[in-house]
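In: mind folding the following:
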Amino acid sequence: MLTRSHASPGGAPDAGPRQAGKRRFALVRAVRPRQWLKNSLVAAAPLAAGTLFTPRVAGHTAVAFLAFCLISGAVYLVNDLLDAENDRLHPVKRLRPIAAGEVSAGTAVVAASVLVACSISLSLLASWHLTVVLLLYVASSLAYSLGVKREPVFDLALVTGGFLLRAIAGGAATGVALSEWFLLVASFGSLFMVAGKRYADVLHRAATPEAGWQVVEYSATYLRFVWSLAATATIIGYALWAFQVGALRHESVWAQLSLAPFVMAVLRYAVDIDRGAAGAPEDVVLGDRWLFVLGLAWLVLFMAAADVG
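Out: Next comes the predicted model:
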């Protein structure tokens, strides 16, 4: 039996299904699944408490991770939509699907709305406290996208807050109490990475003065001061936690031992920042094999210190 092939008026095969597939793939890229790695921060609090692998906590942590993946995808869509004009002038960001015209404004708005609704609904399976954290994340992200990202210091605070809210979400979803040391290290560690990325942006902008894309008006000297200060506070906070755990558990030295790869990882990350290669944190970690090895070594010792099981 003969079948009728779909063809365009000019005789070429119909490209409709192919184009539809490309649009769907562009939408997937627009929610930046590669950056979902940072959502693993939701596991930090239960991991530090040594309860991550108990069934209930593991389940609620997974819910928090998925909820943040959905809602962060929505935030990326809105941010890219509002910043599309500036992104088109950037050597890398111009390739983002919305800036490149692969995803329409209407599609982005509808997709973002669906993702937010799904994320909020999912969060209620764990705890209403997680829902509150997600709403705070959306509010701070919208404030950032609508203008705060052009205000020095405040933009650093909001982006740092986005990382910190991920870490807090793990505690909110599982009922794990967050210690002052955890909040201190998470806050300054996030600021360290955010200031490092801004430093890289400033260096790249200085290297291409003919480009029209905009960055917040920071000097490289100021940002170097910020990420140096943040790195110092992060290391001191972690060291105080490690020695406190050692004092409480007289037979355990794992916390103190974890300090070595932790400090080396911070210093290694600082090397990437100093040469202007500290873009998205997940790209830095996955792109620097020695930093990745240090991270794994720290994780093993940290889990031993937290007595995870």
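In: next, the buried residues of the helix or strand that contains Pro261.
Out: Pro261 is located in helix 254-274, with elements delineated by DSSP states H and E. Buried residues in helix 254-274, counted by 16 or more other CB atoms under 10 Å: 254-255, 257-259, 261-266, 268-270, 272-273. C-beta: built from backbone N, CA, C; applies to glycine.
In: C-terminal to that helix, what's the next element?
Out: Next along from helix 254-274, by DSSP H and E: helix 281-287.
In: quickly list the domain ranges of the chain.
Out: The record, using automatic domain parsing to delimit domains, assigns the chain the ranges 28-178, 179-206+216-309.
In: follow-up on the earlier one: of the buried residues of helix 254-274, closest to Asp155?
Out: The closest of the buried residues of helix 254-274 to Asp155 turns out to be Ile273 (CB to CB; 17.4 Å).
In: can you give me every residue that contacts the residue nearest in space to the middle of the chain?
Out: The centroid of the chain falls nearest to Lys38 when counting by CA atoms, centre = their mean (3.7 Å). Listed by CB atoms under 8 Å, 6 or more residues apart in numbering, the contact partners of Lys38 are 163, 166, 281-282.
In: could you dump these to a markdown table with distance to Glu180, neighbour count and pLDDT?
Out: Converted to a markdown table, the contacts of Lys38 look like this (distance: CB to CB, whole Å; neighbours: other CB atoms under 10 Å; pLDDT from 0 to 100):
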| residue | distance to Glu180 | neighbour count | pLDDT |
| --- | --- | --- | --- |
| Phe163 | 18 | 19 | 91 |
| Arg166 | 18 | 24 | 93 |
| Pro281 | 24 | 19 | 77 |
| Glu282 | 27 | 16 | 74 |
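In: for the helix holding Pro261, name the packing helices and strands.
Out: Judged by 3 or more CB pairs under 8 Å, 6 or more residues apart in numbering; DSSP states H and E, helix 254-274 is in contact with helix 180-207, helix 220-248, helix 289-306.
In: most packed of those?
Out: Mean neighbour count (mean count of other CB atoms under 10 Å) peaks for helix 180-207 among those, with a mean of 20.
In: okay, the angle between that one and helix 254-274?
Out: 20 degrees (axes from the mean of the first three to the mean of the last three CA atoms, to 10 degrees).
In: 29 is where my numbering starts, stick with that
Out: All right, first residue 29 from here; so that's helix 208-235.
In: helix 208-235 - contacts with which helices or strands?
Out: Looks like helix 208-235 contacts helix 72-77, helix 182-202, helix 248-276, helix 282-302 (3+ CB pairs under 8 Å, 6+ apart).
In: quick one: mean pLDDT for it?
Out: Mean pLDDT, helix 208-235: 88.
In: and it with helix 248-276, angle?
Out: For helix 208-235 against helix 248-276, the angle by the same axes, to 10 degrees is 160 degrees.
In: about what we covered before: closest one to Leu98 among the helices and strands packed on helix 208-235?
Out: Among the helices and strands packed on helix 208-235, the nearest to Leu98 by CB to CB is helix 182-202 (12.6 Å).
In: now that closest one: buried residues?
Out: Residues 183-184, 186-202 are the ones in helix 182-202 that count as buried (16+ other CB under 10 Å).
In: confirm Ala205 sits in a strand?
Out: No: assigned with DSSP: H, G, I helix; E, B strand; the rest coil, Ala205 falls outside any strand and is coil.
In: what sits against it?
Out: 77, 199.
In: quick one: contacts for Val294?
Out: Contacts here follow CB under 8 Å, 6+ apart; on that basis Val294 touches 220, 259, 262-263.
In: ok, Pro61 next?
Out: Pro61 makes contacts with 97, 101, as judged by CB under 8 Å, 6+ apart.
In: if we can go back for a sec, looking at the helices and strands packed on helix 208-235, which is nearest to Ala127?
Out: helix 182-202 (19.8 Å).
In: which pair in the contacts of Lys66 spans the largest distance?
Out: Arg194 and Glu310 (12.5 Å).
In: show the contacting residues for Leu231.
Out: 248, 304.
In: measure it to Ile126 for me?
Out: For Leu231, the distance to Ile126 equals 26 Å [CB to CB, to the nearest Å].
In: repeat that for Gly87.
Out: 34 Å.
In: ditto for Ser100
Out: Taking CB to CB, one finds Ser100 at 16 Å from Ile126.
In: pick the one among the buried residues of helix 282-302 closest to Phe53.
Out: Among the buried residues of helix 282-302, Asp300 lies closest to Phe53 (CB to CB), at 30.1 Å.
In: any idea how many residues pack against the residue lying closest to that closest one once chain neighbours are set aside?
Out: Nearest residue to Asp300, sequence neighbours excluded (CB to CB, 6 or more residues apart in numbering): Ala306, at 4.8 Å. For Ala306, the count of nearby residues is 27 (other CB atoms under 10 Å).
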